[in-house]
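Undergrad: Sequence and predicted model, in that order:
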Number of protein chains: 2
Amino acid sequence: MNYFRSRIVIVEDNDAVREGFALIINSVSDYYVVNAYDNAEDCIKNLKKDKPEIILMDLELPGINGIEAIALIKKQNPGIELIVNTIYENSDLVFQALCAGASGYITKNTSHTELLDAIDEVIQGGAPMSSKIAKLVVNSFQKNPNSPLSSRETEVLELLAKGKSYSMIAQELFITKETAKSHIKNIYSKLQVNSKSEAIAKATKEKLI
Amino acid sequence: MNYFRSRIVIVEDNDAVREGFALIINSVSDYYVVNAYDNAEDCIKNLKKDKPEIILMDLELPGINGIEAIALIKKQNPGIELIVNTIYENSDLVFQALCAGASGYITKNTSHTELLDAIDEVIQGGAPMSSKIAKLVVNSFQKNPNSPLSSRETEVLELLAKGKSYSMIAQELFITKETAKSHIKNIYSKLQVNSKSEAIAKATKEKLI
DNA sequence: AATATATCACCCATTTAGGGGGAGGTTATA
DNA sequence: TATAACCTCCCCCTAAATGGGTGATATATT
């Protein structure tokens, strides 16, 4: 056994898929499958024994789901890199997985080569993603072009979100506190909220700022 | 001229690099370089004439910089896809570029093949990124594991960030308003802030929530 | 010329949040 | 067994934010 071969664990409930992955991965000399599970609980139980560097994780699983599993594994063992492999391209799932600690997210239509490339990329400190996933992720940085707020209101809201008070905003924008207040009232009315933090929460969620 | 070949514009101040890119891109029949500029102003001036589908954009430029140029171009012409090509792997620049509207971010050590792959990926609706950039982006979703806040405090702060008032937080956590207040006071002291929105701003910035 | 929108400004009243302090109980850990 | 976090609750007081109005000015747009 070669100590430098990366240890990989597979979690995937479909037997055929799981065995297929194992075959593909074991066909390459750089890494090998130490164990393959059909549920996350068993994987977590055996982490200390398996000592994987990388886990290839499905999301739709019997018992605890992949997202929770990722969070648990990352908490207990931050060094392990997790690559999500699933059929879902739903944006919420993607962000949940990444927030939970996944290092990569590939969808199941990827070829054998792409699967192996993803593993290589993770080993080299990268974050492999399928094309559509990468686009979702990148889009999440971009503002909503259909903001109901005027540019001045957006400006005020951005300062609010930075933690500034009414008077600080007034100072920075060279207006009176009452004017700032007036803008904020209009913002509240447009966003249908009635407090600073609600406004910030809604604006952040809808990417108005 | 083939109407189905994608129109590409290059903005790159280094003459050799710019001409090199043009040669590489023109060597492929799927797309061609309609124009190549050594500054962003000229590119913007000629957008209507050039009608590019894709712009390959450097960030360090004479005159207006690449980030501003991306924002301007995207505002005037949201359909254009911008790929950043730069030597900088600085995380602030990456996020600024993506927020401004870049669809991809590749660094200058990429091979000719990778450059062409990036263009293909953008045409197919993807978001090409160099390995290190993708990692930066993915990491930006993950929480700071060294939070100074207790789990209860984090819970309270998350509710604050959702726009809840003291009394709503108290209700949701089955504690009194005074207890919620007490937690919030501790949060403020730990984060060295003194208002809700400052706390949210700081916590968001440092990924405590 | 009329309408709408954004921007700016002020008043009053009430509610909420913030700063100061104290205090009892649990839990973990040294 | 200290002792240090953490979680819970309470008091008082001040400052800040919010909600309800009103109204002027400028700038597009129709």
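TA: Structure's in. What do you need? Numbering: from 1, shown residues only, chains lettered A, B, ... in the order given.
Undergrad: Please count neighbours and contacts with C-alpha atoms only from this point.
TA: Noted.
Undergrad: quick one: the helix ranked longest in chain A near chain B?
TA: When chain A is parsed with DSSP state H, its longest helix is helix A:177-191. No: on the criterion C-alpha under 8 Å from any C-alpha of the partner chain, helix A:177-191 is out of touch with chain B, staying 12.3 Å away.
Undergrad: Okay, helices next: where are they in chain A?
TA: A:15-26, A:40-45, A:47-50, A:66-76, A:91-100, A:112-123, A:131-139, A:151-161, A:166-173, A:177-191, A:196-205.
Undergrad: Just the buried positions in the second one, please.
TA: Within helix A:40-45, the residues scored as buried using 16 or more other C-alpha atoms under 10 Å in any protein chain shown are A:40-41, A:43-44.
Undergrad: same thing with the fifth one?
TA: Of the residues in helix A:91-100, those buried under the neighbour-count criterion (16+ other C-alpha under 10 Å) are A:94-100.
Undergrad: Can you show me the CA trace of that helix as CSV?
TA: In CSV, the C-alpha atoms belonging to helix A:91-100 read as follows (Å, rounded to 0.1, in the frame of the first residue of the first chain):
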residue,chain,number,x,y,z
SER,A,91,-29.9,26.7,-5.9
ASP,A,92,-30.9,26.5,-2.3
LEU,A,93,-29.4,23.0,-2.0
VAL,A,94,-26.2,24.2,-3.6
PHE,A,95,-25.8,27.1,-1.2
GLN,A,96,-26.7,25.0,1.8
ALA,A,97,-24.1,22.5,0.8
LEU,A,98,-21.4,25.1,0.3
CYS,A,99,-22.4,26.8,3.6
ALA,A,100,-22.2,23.5,5.4
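Undergrad: Can stretch A:100-114 be said to contact chain B?
TA: Yes: judged by C-alpha under 8 Å from any C-alpha, stretch A:100-114 and chain B are in contact via A:100-101, A:103-104.
Undergrad: Could you do stretch A:72-88 as well?
TA: No: judged by C-alpha under 8 Å from any C-alpha, stretch A:72-88 stays clear of chain B, getting no closer than 8.7 Å.
Undergrad: Next, the distance between the ends of that stretch.
TA: 21 Å (C-alpha to C-alpha, to the nearest Å).
Undergrad: What ranges in chain A fall below the confidence cut-off?
TA: Applying pLDDT under 70 to chain A flags the ranges A:1-3.
Undergrad: Show me the one of the helices of chain A that comes nearest DNA strand C.
TA: helix A:151-161 (3.5 Å; C-alpha to the nearest atom of the strand).
Undergrad: Show me what that closest one is packed against.
TA: helix A:166-173, helix A:177-191, helix A:196-205, helix B:196-205 (3 or more C-alpha pairs under 8 Å, 6 or more residues apart in numbering or on different chains; DSSP states H and E).
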